[in-house]
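Q: sequence first, then the predicted structure:
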Amino acid sequence: MEKLISLLILGITLGSIYSLVALGMVVIYKASKILNLAHGEAVVLLSFVVWTLSKSMGVPIWASVAIMILFGGILGLTIQLVAIRPLIGQPILATMLMTFALGFIIKGVMIFIWGGSMGTLPSVLPESEWNLWGVPISQQYVCAFIISILLFWLITLLYRRTKIGLGMRGVAESHIITQSLGVNVRTVFSISWVVSFVLVAAAAFILSEMYDVTFEMDVFGLGKGLPVLLLGGLESIPGVFIGGLIVGVAEMLGEAYLDPVVGGGVREVVPFILMLLILLFKPYGLFGLKKIERV
């Protein structure tokens, strides 16, 4: 029983990080219907940036994180202005392929500049453990869970309580109607990319604290974030949070109970199995909007 509780707690905390990665994808998709396929490479790039600032250049860790978040926002805005905005009005597939190409460009730039793995960041999140009813709970994972909850709450407030957020919600419904009401759709697109990459920066910081900074971190994009996104629903903020928890728990349980039976590797395929099942039986996701077109 203690093992099961430990796995559930670990799965929930890990899943919250997956949700945070997917949240950045949701913000872009809600505004522009674009699925950013370079999300994982952005996570790696920002992880390399914060590591370089902190380890190689000796910048204090919190200053490094602040600079990395600022850089993430500027990067998102630059991508939107240079690569995405010229494709407005073109088929969505063309824009998605552009983000796919951007992923390879970002990876090539990282290889040219850094060439390999970095290491881990100086510890900011506490590394000790709590003992709850005999179950060890990592304080680092709990802090990551709290940060994710806080960011989800802030994004929800942004959409519900601010003029910018209301404009983003309107654009998500209809670009034409929203523009007719005086909202600058292009500005909303730019803000969405900035917000998305700030969330990517937050996820990159957490992941850099918990794992080595390597090129393999791009798995948190298409390998984790995309299944969570499709499971929860492409346009649902609460949906991706719950979807992330489901994926995280499923990974932990699969690794603990199925790996000994099949010989390993279950954790890597569980997200895609869940993604396949949700696409087969509920293509809009658990909490996605089902759109009905009348002819």
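A: Sure, I can see it.
Q: tell me where the stretch 1-150 of the chain has strands.
A: Along the stretch 1-150 of the chain, the segments classed as strands by DSSP state E, counting those that start in this stretch run 129-132, 135-138.
Q: so of those strands, which one's packed in deepest?
A: When neighbours are counted by mean count of other Cβ atoms under 10 Å, the highest per-stretch mean among the strands of the stretch 1-150 of the chain falls to strand 135-138, a mean of 16. All C-beta atoms are positioned from the backbone trio N, CA, C, and that covers glycine.
Q: what pairs with that strand, parallel or antiparallel?
A: strand 129-132 (antiparallel) (DSSP bridges).
Q: on that earlier part again, so for residue 227, which of the strands of the stretch 1-150 of the chain sits nearest?
A: Proximity to residue 227 (Cβ to Cβ) singles out strand 135-138 among the strands of the stretch 1-150 of the chain, at 23.7 Å.
Q: and the contacts of the closest one?
A: For strand 135-138, the external contacting residues (Cβ atoms under 8 Å, 6 or more residues apart in numbering) are 2, 5, 6, 9, 10, 13, 127, 129, 130, 131.
Q: same thing but at 7 Å, please
A: With contact meaning Cβ atoms under 7 Å, 6 or more residues apart in numbering, strand 135-138 is reached by 2, 5, 6, 9, 129, 130.
Q: any weak-confidence spans in the protein?
A: Along the chain, the model assigns pLDDT under 70 to residues 1, 116-117, 132-135, 173-175, 290-295.
Q: which residues of it fall in helices?
A: 2-32, 39-51, 61-79, 92-113, 139-161, 163-173, 175-180, 185-210, 219, 226-232, 237-257, 259-262, 266-281 (DSSP state H).
Q: for the first one, buried residues please.
A: Looking back up the chat, that one is helix 2-32. Of the residues in helix 2-32, those with enough neighbours to count as buried (16 or more other Cβ atoms under 10 Å) are 6-32.
Q: same question for the third one.
A: Residues of helix 61-79 classed as buried by neighbour count (16+ other Cβ under 10 Å): 61, 64, 65, 67, 68, 69, 71, 72, 73, 75, 76, 79.
Q: ok, so of the residues you listed, who is nearest residue 102?
A: residue 79 (6.5 Å).
Q: right, and the closest one touches residue 193 too?
A: Yes - with contact taken as Cβ atoms under 7 Å, residue 79 and residue 193 are classed as touching, separated by 6.4 Å.
Q: what about residue 278, distance to residue 243?
A: In this structure, residue 278 and residue 243 are separated by 9 Å, where distance is defined by Cβ to Cβ, to the nearest Å.
Q: and the two? which has more neighbours close in?
A: Higher neighbour count among residue 278 and residue 243: residue 243, with 29 against 21, using other Cβ atoms under 10 Å.
Q: what number of residues lie near the spatially closest residue to that one that is not a sequence neighbour?
A: Leaving out its chain neighbours, the residue that sits closest to residue 243 by Cβ to Cβ, 6 or more residues apart in numbering is residue 232, at 3.0 Å. The burial count assigned to residue 232 is 29, neighbours taken as other Cβ under 10 Å.
Q: mind listing what residue 235 touches?
A: Going by Cβ under 7 Å, 6+ apart, residue 235 touches 26, 29, 30, 172, 288, 289.
Q: so which of the helices of the chain comes closest to residue 120?
A: Proximity to residue 120, assessed across those by Cβ to Cβ, is greatest for helix 185-210 (6.9 Å).
Q: buried set for that closest one?
A: In helix 185-210, counting by 16+ other Cβ under 10 Å, buried: 185, 188-210.
Q: check which helices and strands that helix sits against.
A: Under the contact criterion of 3 or more Cβ pairs under 7 Å, 6 or more residues apart in numbering; DSSP states H and E, the helices and strands touching helix 185-210 comprise helix 2-32, helix 39-51, helix 61-79, helix 139-161, helix 163-173, helix 175-180.
Q: save these as CSV, and put in distance to residue 87 too.
A: Shown next, in CSV, are those (distance: least, Cβ to Cβ, whole Å):
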stretch, distance to residue 87
helix 2-32, 10
helix 39-51, 18
helix 61-79, 12
helix 139-161, 25
helix 163-173, 16
helix 175-180, 14
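Q: perfect, that will be all.
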